[in-house]
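Asker: Predicted model and sequence follow; I will ask about them next.
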Amino acid sequence: MRKEISWNSWRDYKIEPQEFPNEPTSGFVLNKKVGDYKSDWNHRQAYCRVYDSRDFEFEITIENLLYILENTSSIKGKGLEGEFVYGWDGKDLIMIPVDSPDYKEMVEINNLRHEKKKFDSKNMILGATYKTNQNYELIYLGRYYENNDDNKESKSYFFYDRDNKWSKITTIKSLTGNIIDIVDENCVDDYADLIDKLLKSSYYSTREQKYDEYKDYTLSEFKENLNKHAYSYHRYYIQVDDKYVKYHIERYRGYSYYNSDYKYNVYTLNKGHKDEIIIKDASMEQVFNKINPKYLVTYDSNKKLIKEWK
């Protein structure tokens, strides 16, 4: 239960906790209002106490009560009609009527999550509308490189979010587990306008990978780069056969804190994290001569320079 840590901080440990499946249940009875009083600075929000037929009571907000009464009825002496499940609204426990539109939507989303429909770059439709696992609807714009401070080889899937108040252009690195259904296969009427907004977005990169090139650091450039980022982790490209792979260089002080000399460890990378150490306690010159570090240079489709990733 995701609120277990929260209620464990205030529950009475003399009372043995009980577990119940969160499945549609009936027999709830409205009890009485609690709170809504004020004493100097202390003011408690009004709540409504509810009795669960499994022989315990809990409190819901007045807002939740009004929502319940919009979707079902309360019969005097018999309680609330219909079945309910529990949910959370922030820190507040809420009751969700099974007959409410929200419950039906929640069941639909859970069913889609369990279906695990497979979406990949080959079957994504430009301009179509998709549903996320958070129940948002997004319009697919395509797969492009994304601007960021760190060079990442993988592209992002770009979408347009009409409901987002601030950032309409949104990106998703992986479709698996994030996109769960297609809402409308038809291309939206304003697709051309959305692409125009994409091209003007700060998230969009014009990088054309086929024009990427790797250039050798000079020793002075290498020294300047390491000195500029003294306490950071860096990734440098090394040529292995006909491929370029990343290595991780770690800088630290020598054996004594008062020693002004720096030492370096060089690691291979595994899934973006440092892995096997290949050079240990080396000087800057030793590292440079051993790995012959390179940096990536990217260009757009017109071979115009985008960035030197030093």
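Answerer: Ah, there it is.

Asker: and the closest residue to residue 52 other than its chain neighbours, what does it touch?
Answerer: Residue nearest to residue 52 in three dimensions, not counting chain neighbours: residue 28, with 6.2 Å by CB to CB, 6 or more residues apart in numbering. Using the backbone N, CA and C atoms, a C-beta is placed for each residue, glycine as well. Shown in contact with residue 28 (CB atoms under 8 Å, 6 or more residues apart in numbering): 50, 51, 52, 53, 79, 80, 84, 95.

Asker: ok, of those, which come out buried?
Answerer: Among the contacts of residue 28, the ones that count as buried by 16 or more other CB atoms under 10 Å are 50, 51, 52, 79, 80, 84, 95.

Asker: how near is the third one to residue 21?
Answerer: Summarising the geometry, the distance separating residue 52 from residue 21, computed by CB to CB, to the nearest Å, is 13 Å.

Asker: do residue 303 as well
Answerer: Taken as CB to CB, the span from residue 303 to residue 21 is 62 Å.

Asker: and what of residue 55?
Answerer: Counting by CB to CB - residue 55 and residue 21 are separated by 16 Å.

Asker: related to what we said a few turns ago, I'd like to know which of the buried ones among the contacts of residue 28 are part of strands.
Answerer: Among the buried ones among the contacts of residue 28, the members found in strands (DSSP state E) are 50, 51, 52, 79, 80, 84, 95.

Asker: Could you list the low-pLDDT ranges of the chain?
Answerer: By pLDDT under 70, the weakly predicted segments of the chain are 1-11, 32-45, 77, 148-154, 229-235, 253-260.

Asker: Can you give the domain ranges for it?
Answerer: Per the record, the chain has its domains at 4-99, 116-205, 211-309, by automatic domain parsing.

Asker: To residue 110, which of these lies closest?
Answerer: domain 116-205 (9.9 Å; CB to CB).

Asker: how near is the residue nearest to the spatial centre of the chain to residue 248?
Answerer: The centroid of the chain falls nearest to residue 172 when counting by CA atoms, centre = their mean (8.8 Å). From residue 172 across to residue 248, the span is 27 Å (CB to CB).
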